[in-house]
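**Q** Just to be clear, the model below is a prediction. Sequence and coordinates:
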Amino acid sequence: MHESPGWDTPVLQSVRPVVAASRFVTTSPEAVERVADWMAFEEFAFPEGILQFDLGDDPDRLTDAVMLISCLNFAFSDFSTGTKFEVSYQGRLWSDTEAMFASLHRALGAGEPVLDGAWMANVTRAQLARLFAGNIELPMLDERVAILHAVGATLVERYDGRWHRWVRTCAPAMYAQGDGLVERLVAEFPRFRDVSAYHGHEVALLKLAQLSLWMLHLVHRRFGDLAVGDLASMTAFADYIVPVALRLTGITAYAPDLEQRIARGDLIPRDSDEEIEIRAHSLHATALLTEAINRRRPPALRLVIPQVDYRLWKAYHATFWPHHLTRTVMY
């Protein structure tokens, strides 16, 4: 029997049928315990995220930056070559999501009004290509333009063009009988509706919706003005990198054909059984690992799932080991 209350939340409930019926991906409970035996004694720092870059101390500006990042936080590898998006900035090379953070910070420093919904609603492809100038063109640039246009239009129409005004209208929780941040994001902004169908089951993976709330929590906890009361309800963020970490630690295993397809760089179609199983097992396995780690730590040092997710992501986000490739705006 699971010890964490998070197992009863919508996302983990929705992945249970996938885990039970999977044909391409498996999770090893024995490997979970083996990894927890050594990982439990590590230091789990909170991620810095956008706070790696100086955005000032205005909570509203920080909220606007977090939510803009959340809209664009997907697909950082070229689908034909597997090359990761990288940016040189402030004397170092940034990769993957952190390269996006660096690009947006560079744009803000240059006076670009990227946090304004009106700018989002009217940005051109050429403007976005210049903003994200790096080693390669940022993948799925046309999709990013379309997302910003839709999000910007909604912000201008309903919230004076600013994400922080939207946040203030929500309950400070993930779930609050329809008024929680995750619930409202999915309902009002379709780009966050990360839901798949698996043999008749609706699977709510909600990667970016949850990640945006986690980032808001990290940014605002120093101000004390956005206390998220149900962090234990948050899962891992089903992306490309955490599956690699789980695969390399032996916690998950793939069917040989799927392993070969990933190694060749074949596209794994969005909403295919293979893609859904990879993501569902990432959420399930990371929840198991967090629970196993917490059994080995004193109560005052117990973790929430996103801390374990970050530990896995940070260690492997720049690895040369191939991850699955799926054309999607959801991760």
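**A** Now that the structure is in, tell me what you want to look at.

**Q** can you give me the strands for the protein?
**A** Remark: strands assigned in the chain by DSSP state E are 25-27, 86-89, 92-95, 195-198, 201-204, 252-254.

**Q** I50: which of these is closest?
**A** strand 92-95 (12.0 Å; Cβ to Cβ). C-beta coordinates here come from the backbone N, C-alpha and C atoms, glycine included.

**Q** residues making contact with the closest one?
**A** By Cβ atoms under 8 Å, 6 or more residues apart in numbering, the list of residues contacting strand 92-95 from outside reads 76, 84-88, 101-102, 317-318.

**Q** Put the alpha carbons of that strand into CSV.
**A** Extracted in CSV, the C-alpha atoms of strand 92-95 (Å, rounded to 0.1, in the frame of the first residue of the first chain):
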residue,chain,number,x,y,z
ARG,A,92,29.2,30.0,-20.4
LEU,A,93,27.3,27.5,-22.5
TRP,A,94,23.6,26.8,-21.6
SER,A,95,21.8,23.7,-22.9
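
**Q** Pretty sure L289 sits against V32.
**A** Yes - here L289 reaches V32: they are 5.3 Å apart, a contact under Cβ atoms under 8 Å.

**Q** The two: which has the busier surroundings?
**A** L289 (29 against 24; other Cβ atoms under 10 Å).

**Q** Distance-wise, check that one relative to H281.
**A** Noted for L289: a distance of 12 Å to H281, by Cβ to Cβ, to the nearest Å.

**Q** Which of the strands of the chain sits closest to L325?
**A** With distances scored as Cβ to Cβ, the stretch of the strands of the chain nearest to L325 is strand 252-254 (14.0 Å).

**Q** partners of that closest one, with directions?
**A** strand 25-27 (antiparallel) (DSSP bridges).

**Q** List the buried residues for the partner strand?
**A** Neighbour-count burial for strand 25-27 flags 25, 27 (criterion: 16 or more other Cβ atoms under 10 Å).

**Q** With stretch 240-259 instead?
**A** 240-247, 249, 251-254, 258.

**Q** sorry, back to before: I'd like the strands of the chain laid out as a markdown table, including distance to R144 and mean pLDDT.
**A** Output for the strands of the chain, formatted as a markdown table (distance: least, Cβ to Cβ, whole Å; pLDDT from 0 to 100):
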| stretch | distance to R144 | mean pLDDT |
| --- | --- | --- |
| strand 25-27 | 29 | 98 |
| strand 86-89 | 15 | 97 |
| strand 92-95 | 18 | 94 |
| strand 195-198 | 21 | 98 |
| strand 201-204 | 23 | 97 |
| strand 252-254 | 29 | 98 |
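
**Q** closest to L131 out of those?
**A** strand 86-89 (10.6 Å).

**Q** Parallel or antiparallel, which strands does that closest one pair with?
**A** strand 92-95 (antiparallel).

**Q** Hmm, I276 is touching Y198, no?
**A** Yes - I276 is within contact range of Y198, at 5.0 Å (criterion: Cβ under 8 Å).

**Q** Run through the helices of this structure in chain order.
**A** 10-21, 29-39, 59-72, 97-109, 117-122, 125-131, 141-159, 163-168, 181-188, 207-220, 241-248, 256-264, 273-295, 305-316 (DSSP state H).
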